[in-house]
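K.L.:
Got a predicted model here, sequence first, then my questions.
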Amino acid sequence: MNFGWSEAQLELKKKAKDFALKHLNSEVSQKEQTNSFPLEEWQKCAEFGVLGWPFPKEYGGAGYEMSTSILMLEGLGFGSEDNGLPFSLNSQLWSTQMAINAFGTEEQKQKYLKPLIAGKIGAFGITEEDSGSDTYSLKMCAERVDGGYVLNGEKHYITLAPICDIAVVFATTNPKLGKWGITAFIVDRSCDGFTVSEVREKVGMRTTPMGNLYFKDCFVSESNRLGKEGAGLSLFSSAMESERGYIFASQVGRMEKQLEKAVEYANSRKSFGKTIGTFQSISNRIANMRLRLETCKMHLYKVAYLDDHDLPLMKEAAMAKLYISEAFVESSMDFIRIFGAKGVVTEFEIERDLRDGLGGLIYSGTSDIQRNIIAKLEGLL
């Protein structure tokens, strides 16, 4: 791996950071407190090209290599005080869009991928009420009929579900085949029988809408099947590698911003006649924040390197998801402790990072599931 970045790459990261600082920080606390999705900022991000950075130019993308895209998303996370918006962007990039780009027909890419890159909103639905970590025990079914399929079932806890324009969803077309009978579909919000829930309130990431998708006798044409019938397992596994590997790219940028703020505060705040940064309890926390940040970067960059060179990355993606999600929570705790009372009072916008980080231990595969994946790939039965 080359640990250096070119001047061009660093300039792109700076542009992403400057864009976020200038355009993405309007009334963040108010939106967070009211569970309001920042649609105007989302559209600005689309116009800036965020949703197209790693995708081919023929679909409206920029065609950047993965490592460059990740670096830019890191810059976006540094500049944005709202963790929810970058998370929403990453969620759509690495699940919905990546699945369509990798498995979609040319017609599907023109019809769905291009509008998503331009700012349409897409959800990725596999989780059900009784199938979370046990993903392939899903109950939603797709019955083959003339010209297509009829979908019946529900998807729960889906990012962007309440506001999505389209959804990539998974259903079983042959229950007898178990996970080998799962098929993916692209469903337009306008389809009869497709409805969504209201926004479900959660502990953090409140500007990222989460909700349910409902399908009742929803007809989907055969042209909207994504990949071959029964190929849902392969499609989901591929999309999850991308999502696990990169969904926290912007949180790595946020960790860098935390560190910058912590150092500035530790050098200005005085206690017992000294700046608090001179006390070992504070300096050790800042040292740990730096160590976590640099380790997170190494995990993130390695996944991107493997991706850019078409090398296997399942284990590395699981390690990146596991480590970065847990490191963000730990650094957010240190961030609060360094700021003391200000850290727990909402008006100072310090405690929000911890709340936003907690969900990362669960979504895109829990920390326990990531450890299971890593252990299995190490040869444990």
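P.N.:
Nice, I can see it.

K.L.:
buried residues in the lengthiest helix in the chain?
P.N.:
Longest helix in the chain, counting residues (DSSP state H): helix 280-308. By 16 or more other CB atoms under 10 Å, the buried positions in helix 280-308 come out as 282, 285-286, 289-290, 292-293, 296-297, 299-307. For glycine as for every other residue, the C-beta is placed from the backbone atoms N, C-alpha and C.

K.L.:
Against residue 190, how distant is the spatially most distant residue from the centre of the chain?
P.N.:
Residue farthest from the centre of the chain, counting by CA atoms, centre = their mean, is residue 273 at 44.0 Å. As judged by CB to CB, to the nearest Å, residue 273 and residue 190 stand 67 Å apart.

K.L.:
same deal with residue 18?
P.N.:
Relative to residue 190, residue 18 is positioned 38 Å away (CB to CB).

K.L.:
ok, and the closest non-adjacent residue to residue 325?
P.N.:
Computed as CB to CB, 6 or more residues apart in numbering, the closest residue to residue 325 that is not its neighbour in sequence is residue 360, at 3.6 Å.

K.L.:
Now do the contacts for the one you found.
P.N.:
248, 251, 324, 325, 328, 329 (CB atoms under 8 Å, 6 or more residues apart in numbering).

K.L.:
with these in mind, which one is nearest to residue 131?
P.N.:
residue 325 (21.3 Å; CB to CB).

K.L.:
looking at it, the closest one is touching residue 356, isn't it?
P.N.:
No - contact criterion CB atoms under 8 Å: residue 325 and residue 356 do not qualify, at 11.1 Å.

K.L.:
what domains does the record give for the chain?
P.N.:
Following automatic domain parsing, one gets these domains for the chain: 7-121, 123-234, 238-377.

K.L.:
Nearest to residue 1 among those domains would be which one?
P.N.:
Set against residue 1 and scored by CB to CB, the domains of the chain come closest in domain 238-377, at 5.0 Å.

K.L.:
what's the distance between the closest one and the middle of its chain?
P.N.:
Distance of domain 238-377 from the chain centroid (CA atoms, centre = their mean, to the nearest Å) equals 14 Å.

K.L.:
How about stretch 168-187?
P.N.:
23 Å.

K.L.:
Please apply the same query to stretch 228-247.
P.N.:
14 Å.

K.L.:
Read off the pLDDT value for residue 123.
P.N.:
Looking at residue 123, its pLDDT reads 98.

K.L.:
you'd agree it is up against residue 156?
P.N.:
No - under the criterion of CB under 8 Å, residue 123 makes no contact with residue 156, lying 11.8 Å away.

K.L.:
When these two are compared, which one has more neighbours?
P.N.:
Counted by other CB atoms under 10 Å, residue 123 and residue 156 do not tie: residue 123 has more neighbours, with 28 against 19.

K.L.:
who's that one bridged to?
P.N.:
residue 167 (DSSP bridges).
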